[in-house]
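1. Make a model of this:
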Amino acid sequence: MHLTQKAKRAMQASRKIRIDLLIYVLLIVSPVCGHARSAPSGTVPFILDGNRVYAQVAFVLPDGQTRKSLVFVDLGSPSMLLSQKLCDDLHIGAGTSLTFRVGRMDITVESAAVTSDPGLPFSIGDDGKVDGVLAAGVLQKYQVRFDYAHRTMTLAQPGTLRSQGNAVPFRLNEKTGLIAIDAEIDGQLYPITIDNGSGYTWIRKSSAQEWLSRHPNWLRGTGAVGPSNMRMADDGIETAGALVRIPEVTLGSLRVQQVGALAIAPDGSGHDFMDWYSTKNAVPVIGWLGGNVLRHFKLTIDYAERLSYWLRQSVPDPHDLNYIGLTLTSRHGEYFVSGIATQEGQPTVWGVQVGDKLLQIGALHTRGASREAVFAAMHGKPGETRALIIERDNRRIRLPVTVTAF
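-> Numbers count the residues shown, from 1 in each chain. Presented below is the predicted three-dimensional model:
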């Protein structure tokens, strides 16, 4: 039977419709049946604790399922770290790789660039368990944006994110991913790192002494307090650190006022923490700008272009170190007094001794509490009183202490 030209055209049109419909169905169904294509960018929420960023990502397990975990996002560390259990669950080994998702964006890291860390996991109070460290060595392949006002982190393929804010160029150590910018302080340029993994700005004491010789009023006390007491280690660096208030720091065309910093010297054995820290950088640095500065911006880091962008969201608080003058050490979820902060040579807290275990600050029981919670309980207006409960020689002692302006 011969078909008319009109019938042939009708059949061809019908066949084309069926093919187009099949293609459409495959495009819709395939991401569900298989693995959806990775997006060029992804955004996830983060927790800000002690001025540090803890972002929620999803690790892809060998069976294709995902496990949501918090990771500590640290621009001051070169290598990605995971808990041993997570390494085991992900089957990390020679010749393998791991994949995790930031929003709808897949990030793949070779196993050789991943290390297990016995310090993981750790808890940040009631907010959750931290299973890994997402470090600069991984992030340097992307554009990274920290929106502190909205508590979100975005990773994107190079060239995806538009620039926002003041542009500040940086130098990059490609082996570690650490970046250094030039900061103008008291009329002189100094190389300094951007380090969101550090809750507070730390600098070399030798550099600070140059400024203090000209501006002695910049010195606010001795001994780390509040978020400047970020390491809570027992090496003596924080107890001897000088609290400094810098009226203005200039980053390119950007001016940042009232920058608090802890100026540290070598420890008792002569080990200089800043010398070690500089080895990870592109150039020797005087320290880093930490979370107390970064939290006031939407910060975008474009590694490929060697540019950072700073969009101001708030202004630094000149009273951000109004705290009870105690330097603390943290061990296994408990807090101990490692030093009493001083002003003009006088202790700012009386009745407390080095070695006391800090049990309670007002209504806060400190055991297992996050640093953010401890800092909040110690913060206040100068002259306000807080009730502390400490343990000394198996005795509980209740003491009234006052908040000091540092």
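2. what's the burial count for residue 122?
-> Neighbour count of residue 122, defined by other CB atoms under 10 Å: 13. For the C-beta atoms, the positions are set from N, CA and C on the backbone; glycine is no exception.
3. ugh, wrong one, I meant residue 214
-> Per other CB under 10 Å, the neighbour tally for residue 214 reads 9.
4. okay, it: pLDDT?
-> In this prediction, residue 214 carries a pLDDT score of 97.
5. For it, give me its contacts.
-> For residue 214, the contact set (CB atoms under 8 Å, 6 or more residues apart in numbering) comprises residue 186.
6. Over to residue 143?
-> 41, 154-161, 300-304.
7. If we use 10 Å, what do you get?
-> Going by CB atoms under 10 Å, 6 or more residues apart in numbering, residue 143 touches 40-41, 154-163, 300-305, 307, 309.
8. ok, it to residue 37 distance?
-> Distance from residue 143 to residue 37, counting by CB to CB, to the nearest Å: 19 Å.
9. Please flag which of the contacts of residue 143 sit within strands.
-> The strands, defined by DSSP state E, take in 41, 154-156, 300-302, 307, 309 from the contacts of residue 143.
10. Adding pLDDT and distance to residue 53, write those out as JSON lines.
-> JSON lines is the format used below for the ones in strands among the contacts of residue 143 (pLDDT from 0 to 100; distance: CB to CB, whole Å):
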{"residue": "41", "pLDDT": "98", "distance to residue 53": "17"}
{"residue": "154", "pLDDT": "98", "distance to residue 53": "12"}
{"residue": "155", "pLDDT": "98", "distance to residue 53": "13"}
{"residue": "156", "pLDDT": "98", "distance to residue 53": "17"}
{"residue": "300", "pLDDT": "98", "distance to residue 53": "14"}
{"residue": "301", "pLDDT": "98", "distance to residue 53": "13"}
{"residue": "302", "pLDDT": "98", "distance to residue 53": "18"}
{"residue": "307", "pLDDT": "98", "distance to residue 53": "20"}
{"residue": "309", "pLDDT": "98", "distance to residue 53": "17"}
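11. out of those residues, what pair is the most spread apart?
-> Across those, the longest distance by CB to CB is 17.4 Å; it joins 41 and 307.
12. and which of the ones in strands among the contacts of residue 143 is nearest to residue 362?
-> Residue 362 has its nearest neighbour among those in residue 154, at 37.3 Å by CB to CB.
13. What ranges does the stretch 251-400 of the chain have for its helices?
-> 273-278, 291-294, 371-378 (DSSP state H, counting those that start in this stretch).
14. give me the low-pLDDT residue ranges for the chain?
-> Within the chain, the stretches with pLDDT under 70 are 1-36.
15. repeat that with 80
-> Counting by pLDDT under 80, the chain shows low-confidence ranges at 1-36, 94, 125-127.
16. mind giving me the domain split of it?
-> Using automatic domain parsing, the domains assigned to the chain come out as 41-156, 187-295, 322-405.
17. start to end distance for stretch 209-226?
-> For stretch 209-226, the separation between the terminal residues is 22 Å (CA to CA, to the nearest Å).
18. So for that stretch, what gets flagged as buried?
-> For stretch 209-226, the neighbour count (16 or more other CB atoms under 10 Å) marks 211-212, 218-226 as buried.
19. Enumerate every residue touching residue 100.
-> By CB under 10 Å, 6+ apart, residue 100 lies in contact with 57-60, 66-69, 71, 80, 82, 90, 106-109, 132, 134, 138.
20. Just the buried residues out of these, in ChimeraX syntax.
-> Command for ChimeraX, covering only those of the contacts of residue 100 found buried under the criterion 16+ other CB under 10 Å:
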select :57,58,59,60,69,71,80,82,90,106,107,109,132,134,138
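21. For whichever strand or helix holds residue 45, list every residue counted as buried.
-> Taking DSSP states H and E as the criterion, residue 45 maps to strand 41-49. Neighbour counts over strand 41-49 (16+ other CB under 10 Å) mark 41-44, 46-49 as buried.
22. mind listing what that strand pairs with, with the direction of each?
-> Strand 41-49 pairs in its sheet with strand 52-60 (antiparallel), strand 152-156 (antiparallel), by DSSP bridges.
23. Just after the longest one, pick out the following helix or strand.
-> Stepping forward along the backbone from strand 52-60, the first helix or strand reached (DSSP H and E) is strand 66-74.
24. between that following strand and strand 52-60, how big is the angle?
-> Orientation of strand 66-74 against strand 52-60 (axes from the mean of the first three to the mean of the last three CA atoms, to 10 degrees) gives an angle of 150 degrees.
25. Can you spell out which helices and strands pack onto the helix or strand following strand 66-74?
-> On the C-terminal side of strand 66-74, the closest following helix or strand by DSSP H and E is strand 80-82. Other elements packing on strand 80-82 under the criterion 3 or more CB pairs under 10 Å, 6 or more residues apart in numbering; DSSP states H and E are strand 66-74, helix 84-90, strand 97-102, strand 105-110, strand 114-116, strand 129-135, helix 136-139.
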